[in-house]
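Colleague: turn this into a model:
(chains A and B)
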2 protein chains.
Amino acid sequence: MRRAPKALLFDVQGTAVDFHSTVTAEARRISAGRCPEVDWADFVHRWRAAYSAALADTRGDRWTSVHSVYRDSLDRLLQQDGITTFTGPEREELALAWQKLVPWPDTVEGLTRLKTRFTVATLSNADVSAVVNLSKRAGLPWDAVFTAEMAGAFKPDPVTYRMAATYLGLPPAEIMMVACHKYDVRAAGALGMQTAFVARPLEFGPGGAPDVSFEDEFDVNATDFLDLAHQLGC
Amino acid sequence: MRRAPKALLFDVQGTAVDFHSTVTAEARRISAGRCPEVDWADFVHRWRAAYSAALADTRGDRWTSVHSVYRDSLDRLLQQDGITTFTGPEREELALAWQKLVPWPDTVEGLTRLKTRFTVATLSNADVSAVVNLSKRAGLPWDAVFTAEMAGAFKPDPVTYRMAATYLGLPPAEIMMVACHKYDVRAAGALGMQTAFVARPLEFGPGGAPDVSFEDEFDVNATDFLDLAHQLGC
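Modeller: You can find the predicted model right below:
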């Protein structure tokens, strides 16, 4: 490994928190048995994919809040699936589930250990308010919250990573990007940041099949945040 | 008082941390008895005044890091006073004292209590990295760090306060600005934010005479962060 970094930047949705369980449970709770034929796990999987596609489309355009991206994607998906049972306030409540995501079991302890040695900050595509709200609920002990909203561009746009480096006052080589999405880790690595891949095999639920294979190209490959802390000497 | 706010924004230098003691002690330590005639407490007072004047001058211009403002003001002040004893690295070390400021005795406990009920975030004119670094050293438990650097304008420019409101995702009326500087509290109040003045009689050291009188115009007047927490029901 290279010289130890001074700061770690963390992706949030998927890497630090479990969106699949949270949002699927919220959808089941809010639907309250009204549409028993719907596979909510699959619905959430397609909702997340629609969000990712929408973010890729907005790159370079005017800024859109991620909450509105989730909200619009939800409306389209419900219409597409012919699900008419949700009222406006229920749709809003469901879209807000993305601000209530629960951490993976290792997240809080791992971050707490890493924080003793490194500056730990987010670098998320979610809105600042969403990351602040979910971090407060979950007790995620960030030293700072940085998100794409502060750069006006979504990851993997280089300006997003550069914004975080500027605010940290550190050269890229002294920063390590931590994520369970390889495109995110790779984009940071291309700018000279150190790279840590964390496997999250349950990102899309028990039936999902995310890419969790370790790669030699990354400085660190970890099974979770406790393993990451251990490998970084915490 | 009006309806309880959801988030509190805190000024940092002076309000949450004691710059006078910290920077004066660093100046004494670094000078190591080489210039016994210098009144370092007075020097730091004038250094802070030079910083404030420089910030007012840069309003509307291109962004300058606050560290460089402190560094340049230091050079000018040393030259003006005929103090030639400091090397370049010593001047840099002295300017970095502003990133090591220690909290007032009530700050950590007060913030910890306030954090149980409110989102607590900074709104400082200092650089993001300076606030992150000093908060980490001091254990200040912010939910988020916002600074003028993220708005490209210093307080009391309205865009700075509006940036924080946007990132919090809250209307101004649900945010309370907390500061020991009345111009700062007033600027937030003019935008519809709730206002809390905290008296810091030792801001400029034992010989200083900051304006610590309570004012009816503010929603809350507090003697320190514990008093603020008490008045806000924490």
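Colleague: other residues contacting the worst-scoring helix or strand of chain A on mean pLDDT?
Modeller: In chain A, no helix or strand scores lower on mean pLDDT, DSSP states H and E than helix A:40-58, which sits at a mean of 89. Contact partners of helix A:40-58, identified using C-beta atoms under 8 Å, 6 or more residues apart in numbering or on different chains, comprise A:19-20, A:23-24, A:27-28, A:31, A:64, A:66, A:69-70, A:72-74, A:76-77, A:81, A:125, A:154, A:204-205, A:207-208. C-beta: built from backbone N, CA, C; applies to glycine.
Colleague: hmm, 6 Å instead?
Modeller: The set of residues external to helix A:40-58 that reach it, using C-beta atoms under 6 Å, 6 or more residues apart in numbering or on different chains, is A:23, A:24, A:27, A:28, A:64, A:69, A:70, A:73, A:77, A:154, A:204, A:205.
Colleague: give me the neighbour count for the second one.
Modeller: Using other C-beta atoms under 10 Å in any protein chain shown, residue A:24 is surrounded by 21 other residues.
Colleague: helix/strand/coil for it?
Modeller: Three-state assignment for residue A:24 (DSSP: H, G, I helix; E, B strand; the rest coil): helix.
Colleague: the last one now?
Modeller: Taken by three-state DSSP, the conformation at residue A:205 corresponds to coil.
Colleague: look at the residue lying closest to it once chain neighbours are set aside and say how many residues are nearby.
Modeller: Nearest non-adjacent residue to residue A:205, counting by C-beta to C-beta, 6 or more residues apart in numbering or on different chains: residue A:20, 4.5 Å away. Residues lying near residue A:20 (other C-beta under 10 Å) number 22.
Colleague: please list the residues of chain A that sit near chain B.
Modeller: A:128, A:129, A:132, A:136, A:143, A:144, A:145, A:167, A:168, A:169 (C-beta under 6 Å from any C-beta of the partner chain).
Colleague: do you know the pLDDT at the residue lying farthest from the centre of chain A?
Modeller: Distance from the C-alpha centroid of chain A, by C-alpha atoms, centre = their mean, peaks at residue A:34 (29.9 Å). Looking at residue A:34, its pLDDT reads 90.
Colleague: dump the residue contacts of it.
Modeller: Contacts of residue A:34 by C-beta under 6 Å, 6+ apart are residue A:85.
Colleague: okay, and for chain A, where does confidence drop off?
Modeller: A:1, A:59-62 (pLDDT under 70).
Colleague: show me the domain layout of it.
Modeller: A:7-18+A:101-231, A:20-99 (automatic domain parsing).
Colleague: quick check: end-to-end length of the last one?
Modeller: Same thing as domain A:20-99. 13 Å (C-alpha to C-alpha, to the nearest Å).
Colleague: in stretch A:158-166, which residues are buried?
Modeller: The neighbour-count check on stretch A:158-166 (16 or more other C-beta atoms under 10 Å in any protein chain shown) flags A:160, A:161, A:163, A:164, A:165, A:166 as buried.
Colleague: actually, stretch A:171-185.
Modeller: Buried residues in stretch A:171-185, counted by 16+ other C-beta under 10 Å: A:172, A:174, A:175, A:176, A:177, A:178, A:179, A:180, A:181, A:182, A:184, A:185.
Colleague: coming back round to it: state the distance from the residue farthest from the centre of chain A to chain B.
Modeller: 30 Å (C-beta to the nearest C-beta, to the nearest Å).
Colleague: where's that residue relative to residue A:83, distance?
Modeller: 9 Å (C-beta to C-beta, to the nearest Å).
Colleague: kindly report the same for residue A:187.
Modeller: 35 Å.
Colleague: for residue A:97, same thing?
Modeller: From residue A:97 to residue A:83 the distance is 16 Å (C-beta to C-beta).
Colleague: do the same with residue A:69
Modeller: On the measure of C-beta to C-beta, residue A:69 and residue A:83 end up 19 Å apart.
Colleague: more neighbours: which of these two?
Modeller: More crowded of residue A:69 and residue A:83, by other C-beta under 10 Å: residue A:69, with 24 against 15.
Colleague: what about that one, is that helix, strand or coil?
Modeller: Of the three states, residue A:69 takes helix under three-state DSSP.
Colleague: got the contact list for stretch A:183-203?
Modeller: Stretch A:183-203 is touched from outside by A:2, A:5, A:11, A:14-15, A:155-156, A:158, A:161, A:172-173, A:175-180, A:210, A:212, A:218-223, with contacts defined as C-beta under 6 Å, 6+ apart.
Colleague: err, stretch A:157-166, not the other one
Modeller: Contacts of stretch A:157-166 (C-beta under 6 Å, 6+ apart): A:9, A:123, A:146, A:148, A:150, A:151, A:153, A:172, A:175, A:188, A:191.
Colleague: got JSON lines for the residues you listed, with secondary structure too?
Modeller: Below are those laid out as JSON lines (three-state DSSP):
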{"residue": "A:9", "secondary structure": "strand"}
{"residue": "A:123", "secondary structure": "strand"}
{"residue": "A:146", "secondary structure": "strand"}
{"residue": "A:148", "secondary structure": "helix"}
{"residue": "A:150", "secondary structure": "helix"}
{"residue": "A:151", "secondary structure": "coil"}
{"residue": "A:153", "secondary structure": "coil"}
{"residue": "A:172", "secondary structure": "helix"}
{"residue": "A:175", "secondary structure": "strand"}
{"residue": "A:188", "secondary structure": "helix"}
{"residue": "A:191", "secondary structure": "coil"}
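Colleague: out of these, which one sits closest to chain B?
Modeller: In terms of C-beta to the nearest C-beta, no member of the contacts of stretch A:157-166 lies closer to chain B than residue A:150, at 6.0 Å.
Colleague: and that closest one, what does it touch?
Modeller: Counting by C-beta under 6 Å, 6+ apart, residue A:150 makes contact with residue A:163.
Colleague: rewinding a little: buried sites along the least confident helix or strand of chain A?
Modeller: A:40, A:41, A:43, A:44, A:45, A:47, A:48, A:50, A:51, A:54, A:55.
Colleague: please enumerate the helices of chain A.
Modeller: Applying DSSP state H to chain A gives helices spanning A:19-31, A:40-58, A:66-80, A:88-95, A:107-115, A:128-138, A:158-168, A:182-190, A:225-231.
Colleague: output the shortest one as PDB, nothing but the C-alphas.
Modeller: If I follow you right, that is helix A:225-231. Output of helix A:225-231 as PDB, limited to C-alpha atoms (Å, rounded to 0.1, in the frame of the first residue of the first chain):
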ATOM      1  CA  PHE A 225     -15.800  -1.300   7.300                       C
ATOM      2  CA  LEU A 226     -14.300  -3.300  10.200                       C
ATOM      3  CA  ASP A 227     -12.000  -5.100   7.700                       C
ATOM      4  CA  LEU A 228     -11.100  -1.700   6.200                       C
ATOM      5  CA  ALA A 229     -10.300  -0.300   9.600                       C
ATOM      6  CA  HIS A 230      -8.100  -3.400  10.400                       C
ATOM      7  CA  GLN A 231      -6.300  -3.100   7.000                       C
END
